[in-house]
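1. I'll drop the sequence and a predicted model, then ask my questions.
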Amino acid sequence: MDCLAEWPEPVVPVESLAHLQTIPDRYVNPPEERSNCIASAGDDAVDAIPVVDLAALTEERVDAAVAEAVSAACRGWGFFQAVNHGVAPELVRRFAAAWRGFFCLPVEVKQRYANSPATYEGYGSRLGVDREAALDWSDYYFLHLLPRRLKDHRKWPQLPLELCEVTEEYGAEVRLLCRRLMRALSAGLGLQEGRLAAAFGGEEDEEAACMRINFYPKCSQPELALGLSPHSDPGGLTVLLPDTTPRDFKSAAPETAPGSPSARSPTPSSSTSPTRSKVVVNAEKERMSAAYFYNPRSDVAVEPLPELVEASGGAALYRPMTFDEYRLYIRQKGPQGKSQLSELYQD
């Protein structure tokens, strides 16, 4: 990790560039990457994503119809919009308002929390450590929630005053939602409801979770830039709170959830590629989104579940690695589509 101790060049907050009429070349994306946006914060392109009502998904039981709806959405899309998810709308509004308050603070105040690529924790404006790499039109704040030994409130913003408290409340509620979704995903695969949770680390409180709050400043040339380049999230589940839907979530089961419908295990349904996401920007208004990443314990080997490999009659397509090893690729390269999976493929 020594190579990730510092950024290779000065980091420029994107909000300090928002006044420019012509954006710097480093923020201009190739034409093929700017179109056909599948998922974007606050964009109408997400309207076609399946909607799943989670009202019947409780701590006590997994409703068969909900499990099937979640499974079908993950097999076909890798994303779905969650409604009646159990996270109170008022809590969501308080959470979003607190973080909007933070991003409205002067740059010099936010820079006190400037991050490094070693953990990303804190205020930042780039991903990946490749020198002279293309950059995204966004600033963000990254923080750890789980395991508890990684959570350090000294690295959290102290302003607005309610930010820490409401972030804790919000994180705790979304964690419960993720646990329910994990049970639904397990049931949808024909497994015991706790099977995926066991693969994530086993004991309660052993899973990992982090959050990235994304801020997308106004951009004078939104047709040229992206708020976040094409990518597949490296974690187990991503719960995305978009800018314009304060009560609904976009939920994803990305490619590292062991044995999930859009995972790397060679189940009959896994021929559907995990969905890539990108984020567009806007010339008229600033945007914000919040992504909650629910992950395996860092030292757990991520690999196809043996019972699913056996049921498929085939062999595992990707070599095992710990979640930390897998995540290191992202920290070195930044968003690179699904190329990180290609490097792990075994013939």
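-> Received the coordinates, thanks.
2. from here on, contacts and neighbour counts on C-alpha atoms
-> Fine.
3. And the nearest residue to Val11 once chain neighbours are set aside, what's its pLDDT?
-> Excluding its sequence neighbours, the residue lying closest to Val11 (C-alpha to C-alpha, 6 or more residues apart in numbering) is Ser125, at 6.7 Å. Predicted confidence (pLDDT) for Ser125: 95.
4. need the contact list for Ser125.
-> Contacts of Ser125 were listed using C-alpha atoms under 8 Å, 6 or more residues apart in numbering, and they are Val11, Val12, Pro13, Val14, Asp136, Ser138, Asp139, Tyr140.
5. what comes up buried for the host helix or strand of Ala69?
-> In this structure, Ala69 sits in helix 64-76 according to DSSP states H and E. Using 16 or more other C-alpha atoms under 10 Å as the test for burial, helix 64-76 gives Val66, Ala67, Glu68, Ala69, Val70, Ser71, Ala72, Ala73, Cys74, Arg75, Gly76.
6. For the helix or strand that it is followed by, name the packing helices and strands.
-> Downstream of helix 64-76, the first helix or strand assigned by DSSP H and E is strand 79-83. In terms of contacts (3 or more C-alpha pairs under 8 Å, 6 or more residues apart in numbering; DSSP states H and E), strand 79-83 is packed against strand 51-53, helix 64-76, strand 249-252.
7. Now the weakest link among those, please, by mean pLDDT.
-> strand 249-252 (a mean of 58).
8. Quote the end-to-end distance of stretch 198-206.
-> The first and final residues of stretch 198-206 sit 10 Å from each other (C-alpha to C-alpha, to the nearest Å).
9. Now do the same for the host helix or strand of Tyr294: mean pLDDT, whole number.
-> Secondary structure from DSSP H and E places Tyr294 in strand 287-295. Averaged over strand 287-295, pLDDT sits at 94.
10. Show me how far it is from its chain's centre.
-> 5 Å (C-alpha atoms, centre = their mean, to the nearest Å).
11. Would you give the sheet partners of the helix or strand just after that strand, along with the direction of each?
-> Reading on from strand 287-295 to the C-terminus, the next helix or strand found by DSSP H and E is strand 301-302. Sheet partners assigned to strand 301-302 using DSSP bridges are listed as strand 321-322 (antiparallel).
12. Pull the residues that contact the partner strand.
-> With contact meaning C-alpha under 8 Å, 6+ apart, strand 321-322 is reached by Ser298, Asp299, Val300, Ala301, Val302, Glu303.
13. next one: stretch 52-62
-> With C-alpha under 8 Å, 6+ apart as the test, stretch 52-62 has contacts from 63, 66, 69-70, 80-86, 180, 183-184, 187, 193.
14. in it, what counts as buried?
-> For stretch 52-62, by 16+ other C-alpha under 10 Å, it's Val52, Asp53, Leu54, Leu57, Thr58, Val62.
15. picking up where we left off before, quick one: which of the contacts of Ser125 has the most company?
-> Ser138 (26 neighbours; other C-alpha atoms under 10 Å).
16. Over to Thr238. Which of the three states is it?
-> The three-state assignment at Thr238 reads strand, by DSSP: H, G, I helix; E, B strand; the rest coil.
17. Leaving out chain neighbours, which residue sits closest to it?
-> Phe293 (4.7 Å).
18. Am I right that the one you found is in contact with Leu237?
-> Yes. Phe293 lies in contact with Leu237 (C-alpha atoms under 8 Å); the separation is 5.9 Å.
19. so where's the stretch 101-250 of the chain shaky on pLDDT?
-> Across the stretch 101-250 of the chain, the ranges flagged by pLDDT under 70 are 202-205, 231-232, 244-250.
20. switch the cut-off to 90
-> 117-120, 127-134, 148-150, 199-207, 226-236, 242-250 (pLDDT under 90).
21. the strands in it, which residues?
-> Here the stretch 101-250 of the chain has its strands, by DSSP state E, counting those that start in this stretch, at 122-124, 139-146, 208-216, 228-231, 237-241, 249-252.
22. How far away from the center of its chain is the fourth one?
-> Think strand 228-231. 11 Å.
23. what's it packed up against?
-> Short answer (3+ C-alpha pairs under 8 Å, 6+ apart): strand 228-231 packs on strand 277-279.
24. how about a cut-off of 10 Å?
-> helix 31-34, strand 277-279 (3 or more C-alpha pairs under 10 Å, 6 or more residues apart in numbering; DSSP states H and E).
25. about what we covered before: make a markdown table out of the helices and strands packed on strand 79-83 and add distance to Glu32.
-> Shown next, in a markdown table, are these (distance: least, C-alpha to C-alpha, whole Å):
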| stretch | distance to Glu32 |
| --- | --- |
| strand 51-53 | 29 |
| helix 64-76 | 23 |
| strand 249-252 | 24 |
